[in-house]
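[1] Fold the following, please.
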Amino acid sequence: MNTSKKLGGVFMSIIPRFFMEATVVLGRLPISNPRWCATGFVVGRYEGTQDGNEKFSTYLITNRHVVENEEKMVMQVNLQNGVKAYLLSLASENSTPNYSAHPAADVIACHININPALSEGAQLPFFDLRHHTLTLQQMRDTGVCEGGLAYTLGFPVSIASDFVNSTVKTPVCRMGCISRVENVYHDSSSRNFLIDATTFPGNSGGPVISRPENIAITDTPYNTSANLIGLVSAYLPYREVLCSTQTHRDKMISEENSGLTVVVSVDSIKEVVEIERTRAYGAASNDCILSIEPYKIGTPVEIPACVG
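    Predicted coordinates for the structure are as follows:
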């Protein structure tokens, strides 16, 4: 069944198509046969205008635990025809990370120049941090609360193997609901909230999207557009201790996926982007490699992280 709506002759989807395209699959070497293991997505920070065109610096977002101890990883994106894997340099020659990790959240930002990939026809848009996101305060102001629907986009290991092939890269979309966020609205020391959506290894680092709503209880706010509200960090395990009837001592711990997922908020994403921007370029920001206008270069074999 087609879930898109046709409005004025144009099909409208609940999740914008470019949100799907901005979501990438990450894997470990070798690049010729990567072991896909996680998800990431690309965001753009507005840097002003040039010749009347908006310019952005672009960043790969994923979890800290995905890239820890990794010097290189593989990122696969869609081309106009087929897909292509690019090499990500996550560490310099002296093993210094080419990315920034948030000091208090499971999220990193890695500045990447996407222009070489765009010049090859890569379908690699990004989430505009100005217009396609909701901070915790904006979530609260627009009525995002427990029971509100949300989506995860990602590439769960083994389940998504059929979706990462030589033809097209397609993330798996799962729907859930906000299960706990009110406590975060009232406690500034916490930035993570919970959604009731089953996620698996490989979903780590994937975007979490709020569902647009067109109905609400009278005199209550509601959000009418799909927005990035965070990224998947990990599922919460349900643990049960099995006790011996003879010794009455713990014998085994049984662990299952509870179906609850920890989400790192957009607030932390925006903060780590600013940290990474400073790392890559210093306090003066006029030297950023700006994306959108692709330039012609030779066939790239690597998308380098910018080394400060």
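[2] what packs against the helix or strand containing residue 116?
    Residue 116 is located in helix 115-119, with elements delineated by DSSP states H and E. Using 3 or more CB pairs under 8 Å, 6 or more residues apart in numbering; DSSP states H and E as the contact test, no helix or strand touches helix 115-119. All C-beta spots, glycine's among them, are computed from the backbone N, C-alpha and C.
[3] Convert the C-alpha atoms of that helix to PDB, please.
    Only the C-alpha atoms of helix 115-119 are listed here, as PDB (Å, rounded to 0.1, in the frame of the first residue of the first chain):
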ATOM      1  CA  ASN A 115      32.100  18.000  -2.700                       C
ATOM      2  CA  PRO A 116      34.200  15.200  -4.300                       C
ATOM      3  CA  ALA A 117      31.400  12.700  -3.800                       C
ATOM      4  CA  LEU A 118      28.800  15.200  -5.100                       C
ATOM      5  CA  SER A 119      30.900  15.800  -8.200                       C
END
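[4] Let me see the mean pLDDT of it.
    What helix 115-119 shows for mean pLDDT is 85.
[5] Repeat that for stretch 127-136.
    In this model, stretch 127-136 carries a mean pLDDT of 95.
[6] which residues are contacting it?
    19, 22, 41-46, 56, 142, 144, 181, 184-185, 191, 207, 210, 223, 227-229, 265-267, 269-270, 273 (CB atoms under 8 Å, 6 or more residues apart in numbering).
[7] Check which residues of it are buried.
    Neighbour counts over stretch 127-136 (16 or more other CB atoms under 10 Å) mark 127-129, 132-136 as buried.
[8] And stretch 50-68, by the same measure?
    Buried residues in stretch 50-68, counting neighbours by 16+ other CB under 10 Å, are found at 55-67.
[9] Among those, which are located in strands?
    Residues of the buried residues of stretch 50-68 located in strands (DSSP state E): 55-62.
[10] Can you report how many residues lie near residue 213?
    16 (other CB atoms under 10 Å).
[11] shouldn't it be in contact with residue 223?
    Yes - in terms of CB atoms under 8 Å, residue 213 counts as a neighbour of residue 223; the distance is 6.2 Å.
[12] Find residues that contact each of these two.
    By CB under 8 Å, 6+ apart, the residues touching both residue 213 and residue 223 are residue 143.
[13] ok so, going back, quick check on the contacts of stretch 127-136: which are buried?
    Here, 16+ other CB under 10 Å leaves 19, 22, 41-45, 56, 142, 144, 181, 184, 191, 207, 210, 223, 227-229, 265-267, 269, 273 buried among these.
[14] Give the phi and psi angles for residue 112, as a check.
    phi -130, psi 150 (degrees, to the nearest 10).
[15] surely it meets residue 60?
    Yes - using CB under 8 Å, residue 112 makes contact with residue 60 at a distance of 5.2 Å.
[16] Name every strand pairing with the helix or strand hosting residue 152 and say which way it goes.
    Element membership for residue 152, per DSSP H and E: strand 149-154. Strand 149-154 has its sheet partners listed here by DSSP bridges as strand 172-180 (antiparallel), strand 207-210 (antiparallel).
[17] Just the residues contacting the shortest one, thanks.
    The reference is to strand 207-210. Contacts of strand 207-210 (CB under 8 Å, 6+ apart): 15, 19, 22-23, 41, 127, 134, 139, 144, 148-154, 195, 223, 226-232, 263.
[18] I appreciate the help and will end here.
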